[in-house]
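[1] based on what follows, work out the 3D shape:
(chains A, B, C and D)
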There are 2 protein chains.
Amino acid sequence: MARHDRTRLPAPERRRQIITAATRLVAERGFWGLSMQDVAAACGLTVPGLLHHVGSKDGLLIAILEHRDAEDARALTELLDGPAPTLPELCAAVVRRNAGQPEIVRLFAVLQAESLTPDHPAHDYFVARQQRILQELTALAKDAIGADASGADIVGADVGGAPEVLARRIIALMDGVQLQWLRSPGSDLNQLWAATAGDLLRPTMIPNGSGSPGHHNRSGS
Amino acid sequence: MARHDRTRLPAPERRRQIITAATRLVAERGFWGLSMQDVAAACGLTVPGLLHHVGSKDGLLIAILEHRDAEDARALTELLDGPAPTLPELCAAVVRRNAGQPEIVRLFAVLQAESLTPDHPAHDYFVARQQRILQELTALAKDAIGADASGADIVGADVGGAPEVLARRIIALMDGVQLQWLRSPGSDLNQLWAATAGDLLRPTMIPNGSGSPGHHNRSGS
DNA sequence: CCCCTTACTGAGCACTTGTAAAGTAATAGG
DNA sequence: CCTATTACTTTACAAGTGCTCAGTAAGGGG
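    Residues are numbered from 1 along each chain as shown, chains lettered A, B, ... in the order given. Below you'll find the model as predicted:
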């Protein structure tokens, strides 16, 4: 059990390793199902050795989430460093990114469901996250709708008056599609999203002009 | 700990009590986070007493899921005993029912996420369930599209050719909306669903004419 | 009445859980 | 080279895990 390899690592590096390993394990078993022993073993050190870096099991989860926040913020600002992105652009970017990291998507799917209980250590985190995402998307949706407020709606369906509703719909659809994607191992998230939800945003989704606004012809799958 | 009340119950009744208690606990903590001790305590008996009825922890989960299957089948056939339901009718019925039992919805949300891992005891169950629901909805979607194949599509958005896509979209949307609903305690699922996804099916959704299409007032958060 | 089925308890097994305290050794700075 | 920091181990603990086995007592059928 106890590794005598004595490969002593500097703190930040070991921390990164820990977070990486723990992320995978939490995505598989959830937080309640996570054992510090498994994480420690995956990193080649003992449990107290692990605790030296993260303090406690809750501390480990917090570390994971903070790391993800930082990572996502970095990747997102890099991915959208151009001018202010439109709503469809942002959706496309997010989907494209998520398609490449199923483990991360699963991490959030599992944790999001698990943390519905108020006494889950990540409960507050996910409440705040949900609220933040909803606000951001609502703002973008307002732009998307307002830009085309002339008459024909830019989105494929009736929005119902509030851009918040459009934001909620997008969030719900993405969560649901991602769940389906994760459950069918062979599938591609990009395809699944484009087929299932693409035409809700299609008109402005493709910058280069093949898609003329107004009508979208029903294309084969 | 050990109850001396000696309230001895007949097997089916105790089983029902166990399943009810366990359902609530699994919905809160997931299956990995569930402890037999908690279930036993909630039923006022000891752990071996509980094991006498369900055999093992996995057996308990199986019992829960089987009970839910039976219960859902019963409620659904009762709710739709009329002629063959259209797709919007079925959606409305499901939503209306789910709105009244958030704990059950949460049970499935948590378990569905947790069981993404193949070694979860409910993995196969949810794979099969997902497949079954998709087939059923696809069949209904085929009818819904075919019935209105004349020109204007019955659904609010481009279907993309395959009724399966419409089914997938509905499933995804419902899963996502339910998640949002569960996370904001005050909200009403009926409203949330109508606002977020209603206009995807609205045209045929309301048989009796009170609801004129076009507007629905915005629901609160 | 008795007896036999059965719902249930008590004790205990062989772990595993997260965490604390104290000691060891590798490394960086002077 | 020496010393202070610190990454890490060993040991230990108290509690909790699912589960087994043998026993007890309640309730229904004869």
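[2] from here on, just use CA atoms for contacts and neighbour counts.
    Noted.
[3] next, count neighbours for A:Pro12.
    For A:Pro12, the neighbour count with other C-alpha atoms under 10 Å in any protein chain shown is 10.
[4] hmm, I typed the wrong one, I wanted A:Thr7.
    A:Thr7 has 9 nearby residues by other C-alpha under 10 Å.
[5] so what pLDDT did it get?
    Confidence at A:Thr7, expressed as pLDDT, is 85.
[6] how about the residue nearest the centre of chain A, nearest residue that isn't a chain neighbour?
    The geometric centre of chain A, computed from its C-alpha atoms, lies nearest to A:Val105 (C-alpha atoms, centre = their mean), at 5.5 Å. Using C-alpha to C-alpha, 6 or more residues apart in numbering or on different chains and skipping residues adjacent in sequence, the residue nearest A:Val105 is A:Asn98, 6.5 Å away.
[7] report the distance from the helix or strand where that neighbour lies to the chain centre.
    According to DSSP states H and E, A:Asn98 maps onto helix A:87-99. Centroid separation between helix A:87-99 and its chain, computed with C-alpha atoms, centre = their mean, to the nearest Å, is 10 Å.
[8] neighbours of the closest residue to A:Leu137 other than its chain neighbours, how many?
    Spatial nearest neighbour of A:Leu137, excluding adjacent residues (C-alpha to C-alpha, 6+ apart): A:Ala167 at 5.3 Å. Neighbour count of A:Ala167, defined by other C-alpha under 10 Å: 24.
[9] buried residues in the longest helix seen in chain A?
    For chain A, the helix with the greatest residue count under DSSP state H is helix A:123-147. Within helix A:123-147, the residues scored as buried using 16 or more other C-alpha atoms under 10 Å in any protein chain shown are A:His123, A:Tyr125, A:Phe126, A:Val127, A:Leu134, A:Leu137, A:Thr138, A:Leu140, A:Ala141, A:Lys142, A:Ala144, A:Ile145.
[10] now stretch A:29-41
    A:Arg29, A:Gly30, A:Phe31, A:Trp32, A:Gly33, A:Leu34, A:Ser35, A:Met36, A:Val39, A:Ala40, A:Ala41.
[11] out of the residues you listed, which are close to DNA strand D?
    Applying C-alpha under 7 Å from any atom of the strand to these, one finds that nothing falls near DNA strand D.
[12] which ones among these are found in helices?
    Filtering those for helices - DSSP H - leaves A:Arg29, A:Met36, A:Val39, A:Ala40, A:Ala41.
[13] once you drop chain neighbours, what's closest to the second one?
    Of all residues not flanking A:Met36 in the chain, A:Val47 sits nearest, at 6.3 Å (C-alpha to C-alpha, 6+ apart).
[14] DNA strand C versus A:Gln17, what's the distance?
    17 Å (C-alpha to the nearest atom of the strand, to the nearest Å).
[15] thought that residue was touching A:Cys43?
    Yes: contact criterion C-alpha atoms under 8 Å: A:Gln17 and A:Cys43 qualify, at 6.9 Å.
[16] quick one: which of these two has more around it?
    Neighbours per residue, other C-alpha under 10 Å: of A:Gln17 and A:Cys43, the larger number sits with A:Cys43, 20 against 15.
[17] got a list of what the spatially closest residue to the more buried one that is not a sequence neighbour touches?
    Nearest residue to A:Cys43, sequence neighbours excluded (C-alpha to C-alpha, 6+ apart): A:Ile18, at 6.3 Å. Neighbour list for A:Ile18: A:Val39, A:Ala40, A:Cys43, A:Leu50 [criterion: C-alpha atoms under 8 Å, 6 or more residues apart in numbering or on different chains].
[18] shouldn't the last one be in contact with A:Ala41?
    No: no contact is recorded between A:Leu50 and A:Ala41 when judged using C-alpha under 8 Å, the distance being 9.3 Å.
[19] hang on, the earlier thing: quick one: which of the contacts of A:Ile18 is nearest chain B?
    The closest of these to chain B turns out to be A:Val39 (C-alpha to the nearest C-alpha; 16.4 Å).
[20] quick one: pLDDT of the closest one?
    Looking at A:Val39, its pLDDT reads 98.
[21] do you know how far A:Ala93 is from A:Asp72?
    Relative to A:Asp72, A:Ala93 is positioned 12 Å away (C-alpha to C-alpha, to the nearest Å).
[22] could the ones in helices among the buried residues of stretch A:29-41 go into TSV alongside distance to A:Gln191?
    Shown next, in TSV, are these (distance: C-alpha to C-alpha, whole Å):
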residue	distance to A:Gln191
A:Arg29	27
A:Met36	37
A:Val39	34
A:Ala40	38
A:Ala41	37
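[23] check these against DNA strand C, which are close?
    Okay, of those touching DNA strand C (C-alpha under 7 Å from any atom of the strand), that's A:Met36.
[24] closest to DNA strand C out of the ones in helices among the buried residues of stretch A:29-41?
    Minimum distance to DNA strand C across those is 3.8 Å, recorded for A:Met36 (C-alpha to the nearest atom of the strand).
[25] is it true that that closest one touches A:Thr46?
    No: judged on C-alpha under 8 Å, A:Met36 makes no contact with A:Thr46 at a distance of 9.2 Å.
[26] by mean pLDDT, point me to the weakest helix or strand of chain A.
    Of all the helices and strands that make up chain A, helix A:202-205 has the lowest average by mean pLDDT, DSSP states H and E, namely a mean of 40.
[27] ranges for the helices of chain A?
    With DSSP H as the criterion, chain A has helices at A:11-29, A:36-43, A:47-54, A:57-79, A:87-99, A:102-114, A:123-147, A:163-183, A:189-197, A:202-205.
[28] export those as CSV, with columns for distance to B:Thr77.
    Listed next are the helices of chain A as CSV, based on distance: least, C-alpha to C-alpha, whole Å:
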stretch, distance to B:Thr77
helix A:11-29, 35
helix A:36-43, 46
helix A:47-54, 52
helix A:57-79, 44
helix A:87-99, 38
helix A:102-114, 29
helix A:123-147, 36
helix A:163-183, 26
helix A:189-197, 29
helix A:202-205, 38
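[29] for B:Arg8, which of these is the nearest?
    Proximity to B:Arg8 (C-alpha to C-alpha) singles out helix A:102-114 among these, at 34.7 Å.
[30] all good on my end, thank you.
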